[in-house]
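Asker: This is a predicted model, with the sequence first.
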Amino acid sequence: MSDESERLDVPAYSRAVEHGTDLHEVLRSRADHHGGRRFDARPSGEPFSYRYVTAGDERVALQTSHFTGHMEGEIPFPDVHFVMWFRSGSARVRRGSEEYRTDGSTPFLIPAEDSFEFEFRPRQSNLVRLGTEFLEQTATELHGGPAQRVAFDSSSTPGAEAIADWRTTMAGATEAVVGEVVPPLLRLEAQLSTARAVLRTWRWQVVDVPRSLRTPGTVRVRHALEYLHEHAAEAISPSDVAAAVGLHTRSLQLAMSEHLGTTPSAYLRQVRLDRVRADLLAASPHETTVAAVARRWGFGNLGRFSASYADHVGEYPRDTLAR
């Protein structure tokens, strides 16, 4: 590694090729690599073979796959984000109660830190692997705050224009991402282009989740926080949130008290106060009033709202609107 690379703290580049004809060997290898569960595979009508080529680093890596059999399994806690598309073949992916099928060259996203089950038919496919920390740092360019968990809306479907933009970006970035001898600044720019394209293509929001909730054992509590952010504009109760993530209301209350020192209702009020602040900053005093924005977010008593807002934000709502 060059002196310049060391100064830039450049992640180590690697290129790996895995290929063969032993179905049981690749099944064991893939399950170990992903920490997978219930992995299974079977041959199709043609002689079985596989080939994986992966190149890049911990920020961004690209993989091409050739697999002539069927494979299925569960990845309980992926620590990176995946974007995948096919040159041939298809897949069925399940995340919780959501299920979608995909084939052809349309890219689909599998977010980090969320268990998913998959069924792959014989395929030739491409995959982009994005490091969670790198994507979250890149997202700060757009939301303006500190690095936080990026929660993707997996139910959103990118439009044709967004997909075309993704393909154009990847065509321009691939060589610098996978090349072995690439100047560090050029590689980083290609990696940033890839991460920015992901953030443009799929809908997302940032959720302030402590590290203690970003573990396999606390996924449901984290899902509850993400649910509260996603549905903050709706009339939801703590029992609605608990049911949505598969917990008893009391269990959710105890878990949030343990990890966050708050309750679902209090946390939701904080989320709504943040939304009020965002709306006030984006509005003009000539176009709206504090009362109108407060009511939009469920605050009826303006006196109590103003005091709560000042405690949470550090200024009165009228001052935020006047900026």
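Answerer: Yep, that arrived.

Asker: where does the chain dip in pLDDT?
Answerer: The chain contains residues with pLDDT under 70 at 1-8.

Asker: quick check: domain ranges of it?
Answerer: Annotated domains of the chain cover 3-201, 207-321 [automatic domain parsing].

Asker: Present those domains as JSON lines; the columns should include mean neighbour count.
Answerer: For the C-beta atoms, the positions are set from N, CA and C on the backbone; glycine is no exception. Formatted as JSON lines, the domains of the chain follow (neighbours: other Cβ atoms under 10 Å):
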{"stretch": "domain 3-201", "mean neighbour count": "16"}
{"stretch": "domain 207-321", "mean neighbour count": "16"}
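
Asker: Tell me if residue 109 really is in a strand.
Answerer: Yes - counting by DSSP: H, G, I helix; E, B strand; the rest coil, residue 109 is located in a strand.

Asker: Now for residue 92: which residues touch it?
Answerer: Listed by Cβ atoms under 8 Å, 6 or more residues apart in numbering, the contact set of residue 92 reads 99-101, 118-119.

Asker: Return the closest of those residues with respect to residue 246.
Answerer: Residue 246 has its nearest neighbour among these in residue 99, at 16.6 Å by Cβ to Cβ.

Asker: Dihedrals phi and psi, that closest one?
Answerer: Dihedral angles of residue 99 (phi, psi; degrees, to the nearest 10) stand at phi -140, psi 140.

Asker: hey, C-alpha coordinates of stretch 22-32 in CSV?
Answerer: Extracted C-alpha coordinates of stretch 22-32, given in CSV (Å, rounded to 0.1, in the frame of the first residue of the first chain):
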residue,chain,number,x,y,z
ASP,A,22,-19.8,-29.5,-5.6
LEU,A,23,-23.3,-28.4,-4.5
HIS,A,24,-22.7,-29.3,-0.8
GLU,A,25,-19.4,-27.4,-0.7
VAL,A,26,-20.8,-24.1,-2.0
LEU,A,27,-23.9,-24.5,0.2
ARG,A,28,-21.8,-24.8,3.3
SER,A,29,-19.5,-21.9,2.1
ARG,A,30,-22.4,-19.5,1.4
ALA,A,31,-24.2,-20.3,4.7
ASP,A,32,-20.9,-19.7,6.7
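
Asker: how far is it from where the chain is centred?
Answerer: 27 Å (Cα atoms, centre = their mean, to the nearest Å).

Asker: likewise stretch 201-208?
Answerer: Distance, centroid of stretch 201-208 to centroid of chain: 7 Å (Cα atoms, centre = their mean).

Asker: Please apply the same query to stretch 176-183.
Answerer: The answer for stretch 176-183 is 26 Å, by Cα atoms, centre = their mean.

Asker: and the end-to-end length of it?
Answerer: From its first residue to its last, stretch 176-183 covers 9 Å (Cα to Cα, to the nearest Å).

Asker: And the contacts of it?
Answerer: 13, 15, 55-56, 60-62, 175, 186-187, 189-191, 194.

Asker: now, the most widely separated pair of those?
Answerer: 15 and 189, at 20.0 Å, using Cβ to Cβ across the contacts of stretch 176-183.

Asker: so of the contacts of stretch 176-183, which ones are in helices?
Answerer: 175, 186-187, 189-191, 194 (DSSP state H).

Asker: now, among the residues you listed, which is nearest to residue 70?
Answerer: Using Cβ to Cβ, residue 194 is the member of the ones in helices among the contacts of stretch 176-183 that lies nearest residue 70, at 29.6 Å.

Asker: The closest one against residue 130, yeah?
Answerer: Yes - at 7.0 Å, residue 194 counts as touching residue 130 under the criterion of Cβ atoms under 8 Å.

Asker: the strands in this structure, which residues?
Answerer: For the chain, applying DSSP state E gives strands covering 14-20, 37-42, 50-56, 60-67, 70-75, 80-88, 90-95, 98-103, 108-110, 116-120, 123-131, 149-152, 204-207.

Asker: follow-up on the earlier one: need the overlap of contacts for residue 194 and residue 130.
Answerer: residue 60.

Asker: first to last residue in stretch 55-73, what's the distance?
Answerer: From its first residue to its last, stretch 55-73 covers 24 Å (Cα to Cα).
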